[in-house]
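show me the folded form of this:
(4 chains)
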2 protein chains.
Amino acid sequence: MTKSEVYFQKYCRRAGLKRSGQRDKVFNMFLKTEQHISAFRLFEKIRKQGEKIGYSTVYRTLRLLVKAGLAQTLTFGGETHFEHKFKHKHHDYFICSKCGKTIEFTSPTIERIQNRLAKKYNFTPQKHTLLIYGLCINCQNKQ
Amino acid sequence: MTKSEVYFQKYCRRAGLKRSGQRDKVFNMFLKTEQHISAFRLFEKIRKQGEKIGYSTVYRTLRLLVKAGLAQTLTFGGETHFEHKFKHKHHDYFICSKCGKTIEFTSPTIERIQNRLAKKYNFTPQKHTLLIYGLCINCQNKQ
DNA sequence: AATGAACTTGACATTCATTTTCAATATTGT
DNA sequence: ACAATATTGAAAATGAATGTCAAGTTCATT
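Numbering: from 1, shown residues only, chains lettered A, B, ... in the order given. Below you'll find the predicted structure:
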């Protein structure tokens, strides 16, 4: 049992939820997925493994993960994407306007400035989303 | 005629579009609106002035403004918001997770770092969205 | 001013992701 | 084993974004 698993099971128990195989499937597949993923793609990924699962269950579990603090959402391209939050460092993204490719990056300096500005505006930050749209190197060249 | 108006009318003409009162209404109300606004709220705002207008027209005109480079979109709270782009400096946002209030801010330093990172990743930036979610001072106190 | 090709309008329909519903099924404490 | 309660997933509902199209408007040309 990884730390995330322990944390999640404890969270569920405290919330008065019952253990369920379906929920575990979603949780495990989410854990295995390093990059951000949409509810639908996660659903497909589980089905492709031959597992039987409904979309609602995937959706509900992801929402639960967010509530539990294990995941967080970011919206782009008209879709909600879920990414790790627990024991994972935060990412910002470059998104290619043409091909949709995403490149993750991190910047401690940006984070630091954000916190400073938040304080200045009497704002307690919880999470943030930084999306930079533009052209990736491929799409620049293809013209 | 402001510079934006001249620019917009020229753009329309070049694009082979005809002049129209409805389009002007949308454009003018958008100009008057300093903060970001959703298509639906802009639609309401025009209607409340006693003007007759269809939602499609508002929506289409806003999309046109984006294409013309006068507006840009940012998505949060499950809605697309339109903000000025022409002769307006770019804003980043604090968004209160509780009451939805937004606070605009700018940070030249963050912009600079973004450009540096983009270069490092061979990415040509076009626009960006920085949303910091958290609690505004009111919601912190209300507990 | 009349013409006609092309653009605009807005009510309505459609699409698509997200969210809810609910009857059948599974889990858990006693 | 029982009862209370949670889970599941197919189907329906929601809501924002986008497309459709017949009727109306614009504008260069005659």
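
report the beta-bridge partners for the residue positioned nearest the centre of chain A.
For chain A, residue A:83 is the residue whose C-alpha lies nearest the centre (CA atoms, centre = their mean; 1.3 Å). Note on residue A:83: beta-bridge partners by DSSP bridges are residue A:72.

correct me, but it touches residue A:75?
No: judged on CB atoms under 8 Å, residue A:83 makes no contact with residue A:75 at a distance of 11.6 Å. All C-beta atoms are positioned from the backbone trio N, CA, C, and that covers glycine.

care to break chain A down by domain?
Annotated domains of chain A cover A:3-84, A:92-142 [automatic domain parsing].

does the last one come close to chain B?
Translated: domain A:92-142. Yes: using CB under 8 Å from any CB of the partner chain, domain A:92-142 comes into contact with chain B via A:94, A:96-97, A:103, A:105, A:107, A:109-110, A:113-114, A:117-118, A:121-137, A:140.

weed out the non-buried ones from those residues.
A:94, A:96, A:103, A:105, A:107, A:110, A:114, A:117-118, A:123, A:125, A:128-136 (16 or more other CB atoms under 10 Å in any protein chain shown).

ok, residue A:52 to residue A:17 distance?
Per CB to CB, to the nearest Å, residue A:52 is found 21 Å from residue A:17.

now the strands for chain A?
A:37-38, A:71-76, A:79-84, A:92-96, A:102-105, A:124-135 (DSSP state E).

and the ones you listed: which comes nearest DNA strand D?
Closest approach to DNA strand D among the strands of chain A is made by strand A:71-76 (10.6 Å; CB to the nearest atom of the strand).

for residue A:122, which non-adjacent residue is closest in space?
Once flanking residues are discounted, residue A:122 sits nearest to residue B:137: 4.0 Å by CB to CB, 6 or more residues apart in numbering or on different chains.

on that earlier part again, higher neighbour count, residue A:52 and residue A:17?
The neighbour comparison of residue A:52 against residue A:17 (other CB atoms under 10 Å in any protein chain shown) goes to residue A:17, with 12 against 8.

show the pLDDT at the more buried one.
For residue A:17, the pLDDT comes out at 97.

again with the one 4 residues further on
We note a pLDDT of 97 for residue A:21 in this prediction.

so it versus residue A:46, what's the distance?
Distance of residue A:21 to residue A:46, computed by CB to CB: 12 Å.

of these two, who's got more company?
With neighbours defined as other CB under 10 Å, residue A:21 and residue A:46 compare such that residue A:46 has more, 20 against 8.

wait, doesn't the more buried one sit right on residue A:26?
Yes: Residue A:46 lies in contact with residue A:26 (CB under 8 Å); the separation is 6.8 Å.

who touches both of these two?
A:53, A:58 (CB atoms under 8 Å, 6 or more residues apart in numbering or on different chains).

what does chain A put close to DNA strand D?
A:12, A:16-18, A:20-23, A:52-57, A:60-61, A:78 (CB under 7 Å from any atom of the strand).

out of the residues you listed, list just those in helices.
Using DSSP state H, A:12, A:21, A:22, A:23, A:55, A:56, A:57, A:60, A:61 are the members of these that sit in helices.
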